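*Asks:* structure for this input, please:
(chains A, B, C and D)
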Protein chains: 2
Amino acid sequence: METTVKTDRRILRSKQSIIKSFLELFSEKEFEQITINEIAERANVNRGTIYLHYSDKYDLLDKCIEDHINELISLCTKREAHKDKQGMVQDPKPIFDYFRDHFPFFSAMFSNQRVFLFREQLLNFISVNLMVKMKRPDNQPDIDHELKAQFMASAFIGIVEWWIRHQMPHSTQFMAEQVRNLFENNQVYTNH
Amino acid sequence: METTVKTDRRILRSKQSIIKSFLELFSEKEFEQITINEIAERANVNRGTIYLHYSDKYDLLDKCIEDHINELISLCTKREAHKDKQGMVQDPKPIFDYFRDHFPFFSAMFSNQRVFLFREQLLNFISVNLMVKMKRPDNQPDIDHELKAQFMASAFIGIVEWWIRHQMPHSTQFMAEQVRNLFENNQVYTNH
DNA sequence: AAACGCGTGTTGAATATTTAACGGCCGTTG
DNA sequence: CAACGGCCGTTAAATATTCAACACGCGTTT
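*Replies:* Numbers count the residues shown, from 1 in each chain, chains lettered A, B, ... in the order given. Predicted coordinates for the structure are as follows:
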């Protein structure tokens, strides 16, 4: 509702630059080895500027993850509003497109020790998203919805991780079809 | 000699950003259609900032060309200092590497009406570079050195332009070998 | 004709970022 | 132990950039 008071362009550019070089470094070396100095140097940003926006490199990593999770969320909710093709269950392709378009980030995430932070949030996002899709009256022997969502979400992430780690060997279209079939087989979707 | 008083990082980042989006636009549409507003918008830079560094879009284009010409010059002179492999005649590969590494720019240059500005400066750079390589006592019927340089430089640019326009169908290594042979056949190089 | 939209250059005040410096901590080297 | 180098996190003053607002020209619409 409230029109977010357009943030100063300098802030946008600084953050962009900082995040970009941080992710580069993140894919090159161990997180613990990365130094604020390096990030600033590569981003052509003063060291102080980083502290102006992030309290330390852990915070920086958190913010990066947060940003992408939020993007994914808004991607889903925006599409839900659009009536015909709802959410990530009926058409997972846009989700895969997003993964593809930000390959450097997700690739770095999946090939790093600190993946746990990330996986946890991603898993939460997916399972919540699936939960609401399973509200239909179920004539099957009652399987707990939350449990099932967790199960499917974990499976979904497993596939994504495999896909990213193998340099995206299939198109997003193909992946979307596969996932949709898997979902259908497990009766996740809602309508008739 | 004088250590250039390290320019403010904000200037560096702004110029980088401006030039980047300008070149993007340059490869997308006709130069005359490009507007300062567009450049600023895409670069996440205030319109005023562009005027702070460039007087108008023509100046901006000039500066872009100038930058690359200077890079090429310093690339050659630096290598001349290094004794064993001198200049662009004995080993043109680094030159081709530079073209390859800045493909977007040169590609835009060669596929645009305004190529003339660029070609003129590039031609001048090459021919001057060749001139100094032809100082040797020549037992051939006297062909004017300047004329010959112009001739060879034009030929060189022709090859580069063909290579860029065709999306670099050969490796820089291969191109360098070809060019070196052509130079030798025309007795451009100095030492026995 | 007047009114409008759109791009250009240019200003002044507000603000983000830079620079250079500080003190502190830690690991290495003498 | 002392000295050093490297990174940290923070500060004050200098500076580049932003924003919003001008006035201008120019083509289009009313």
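
*Asks:* what parts of chain A come near chain B?
*Replies:* When proximity is defined as C-beta under 8 Å from any C-beta of the partner chain, chain A approaches chain B at A:9, A:12-13, A:16-17, A:44-46. The C-beta positions use only the backbone N, C-alpha and C, and glycine is treated the same way.

*Asks:* just the residues you listed now: which is nearest DNA strand D?
*Replies:* Nearest to DNA strand D among the residues of chain A next to chain B: residue A:9, at 4.2 Å, using C-beta to the nearest atom of the strand.

*Asks:* tell me how far the closest residue to the closest one other than its chain neighbours lies from residue B:122.
*Replies:* The shortest distance from residue A:9 to any non-neighbouring residue, by C-beta to C-beta, 6 or more residues apart in numbering or on different chains, is to residue B:44 (5.1 Å). Distance, residue B:44 to residue B:122, by C-beta to C-beta, to the nearest Å: 31 Å.

*Asks:* neighbour count for these two, which is higher?
*Replies:* residue B:122 (22 against 16; other C-beta atoms under 10 Å in any protein chain shown).

*Asks:* walk me through the domains of chain A.
*Replies:* When chain A is parsed with automatic domain parsing, its domains come out as A:1-54, A:63-185.

*Asks:* out of those, nearest to DNA strand C?
*Replies:* Checking the domains of chain A against DNA strand C by C-beta to the nearest atom of the strand gives domain A:1-54 as the closest, at 3.0 Å.

*Asks:* hmm, the closest one touching DNA strand D?
*Replies:* Yes. Judged by C-beta under 7 Å from any atom of the strand, domain A:1-54 comes into contact with DNA strand D through A:6-10, A:13, A:35-37, A:47-48, A:51.

*Asks:* one step back: can you tell me which of the residues of chain A next to chain B is nearest residue B:161?
*Replies:* The closest of those to residue B:161 turns out to be residue A:44 (C-beta to C-beta; 32.8 Å).

*Asks:* pretty sure the closest one contacts residue A:17?
*Replies:* Yes. Between residue A:44 and residue A:17 a contact is recorded at 6.5 Å, counting by C-beta atoms under 8 Å.

*Asks:* who touches both of those two?
*Replies:* Common neighbours of residue A:44 and residue A:17, counting by C-beta atoms under 8 Å, 6 or more residues apart in numbering or on different chains, are residue B:13.

*Asks:* chain center to stretch A:27-35, what's the gap?
*Replies:* 21 Å (C-alpha atoms, centre = their mean, to the nearest Å).

*Asks:* and that stretch, what's buried?
*Replies:* Neighbour counts over stretch A:27-35 (16 or more other C-beta atoms under 10 Å in any protein chain shown) mark residue A:34 as buried.

*Asks:* just the endpoints, please. Distance across that stretch?
*Replies:* Terminal residues of stretch A:27-35 are spaced 14 Å apart (C-alpha to C-alpha, to the nearest Å).

*Asks:* so is that stretch next to DNA strand C?
*Replies:* No. On the criterion C-beta under 7 Å from any atom of the strand, stretch A:27-35 is out of touch with DNA strand C, staying 11.9 Å away.

*Asks:* average pLDDT for that stretch?
*Replies:* In this model, stretch A:27-35 has an average pLDDT of 85.

*Asks:* how about stretch A:91-109?
*Replies:* Looking at stretch A:91-109 alone, the average pLDDT works out to 86.

*Asks:* just stretch A:8-16 next, same as before
*Replies:* The average pLDDT for stretch A:8-16 rounds to 92.

*Asks:* contact partners of that stretch?
*Replies:* Residues from elsewhere that reach stretch A:8-16 (C-beta under 8 Å, 6+ apart): A:43, A:45, A:49, A:52-53, B:13, B:17, B:44-46.

*Asks:* which of those are buried, as a ChimeraX select command?
*Replies:* Buried residues within the contacts of stretch A:8-16, by 16+ other C-beta under 10 Å, are selected in ChimeraX with:
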select /A:43,45,49 /B:13,17,44,45
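
*Asks:* out of the contacts of stretch A:8-16, which sit inside helices?
*Replies:* Counting by DSSP state H, the contacts of stretch A:8-16 place A:43, A:49, A:52-53, B:13, B:17 in helices.

*Asks:* in chain A, where is pLDDT below threshold?
*Replies:* Across chain A, the ranges flagged by pLDDT under 70 are A:1-5, A:79-87, A:112-114, A:133-144, A:187-192.

*Asks:* how about the longest helix along it and DNA strand C, any contact?
*Replies:* The helix that spans the most residues within chain A, counting by DSSP H, is helix A:57-81. No. Shown here: helix A:57-81 not in contact with DNA strand C (C-beta under 7 Å from any atom of the strand), separated by at least 14.1 Å.

*Asks:* next SSE downstream of that helix?
*Replies:* helix A:87-90 (DSSP states H and E).
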